[in-house]
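Peer 1: When you get a sec, could you give me coordinates for this:
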Amino acid sequence: MSMNHINLLERITFDKNVLGGKPIIRGIRISVAMILELLVKGVSQQEILEDYPELEIEDIQAALFYAYSLVSQEEVLDRLAAS
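Peer 2: Take a look at the predicted model:
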């Protein structure tokens, strides 16, 4: 993992008192899930930054990299092989 990726992941924080401990951006009440949902709905990164001025482009990149990191670790099992 490159230093840039490590720096991105440092933007993702967890606080049991904020949004039930879900991953959030830099301790503010903006969740990784919310950013991903906006992107999936077709909201551009520029629109997100305009709507949430406390965010930085690196925060959006961090949310995407966090999701990638989780998915890339998953092991998908073939249902037929498992039975």
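Peer 1: Show me the strands in the chain, by range?
Peer 2: Using DSSP state E, the strands found in the chain span residues 12-13, 24-25.
Peer 1: can you redo the ones you listed as TSV with distance to Lys41, mean pLDDT and mean neighbour count?
Peer 2: For glycine as for every other residue, the C-beta is placed from the backbone atoms N, C-alpha and C. Shown next, in TSV, are the strands of the chain (distance: least, CB to CB, whole Å; pLDDT from 0 to 100; neighbours: other CB atoms under 10 Å):
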stretch	distance to Lys41	mean pLDDT	mean neighbour count
strand 12-13	21	96	16
strand 24-25	18	96	23
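Peer 1: Show me what the longest helix along the chain is packed up against.
Peer 2: Longest helix of the chain, by residue count under DSSP state H: helix 57-72. Counting contacts by 3 or more CB pairs under 8 Å, 6 or more residues apart in numbering; DSSP states H and E, helix 57-72 packs against helix 3-9, strand 12-13, strand 24-25, helix 32-40, helix 45-51.
Peer 1: let's see it at 6 Å
Peer 2: Helices and strands touching helix 57-72, by 3 or more CB pairs under 6 Å, 6 or more residues apart in numbering; DSSP states H and E, are helix 3-9, helix 32-40.
Peer 1: So for Gly20, which of the ones you listed sits nearest?
Peer 2: Among these, the nearest to Gly20 by CB to CB is helix 32-40 (11.2 Å).
Peer 1: What helices and strands are in contact with the closest one?
Peer 2: Helices and strands touching helix 32-40, by 3+ CB pairs under 6 Å, 6+ apart, are helix 57-72.
Peer 1: and if we set it to 10 Å?
Peer 2: Helices and strands touching helix 32-40, by 3 or more CB pairs under 10 Å, 6 or more residues apart in numbering; DSSP states H and E, are strand 24-25, helix 45-51, helix 57-72.
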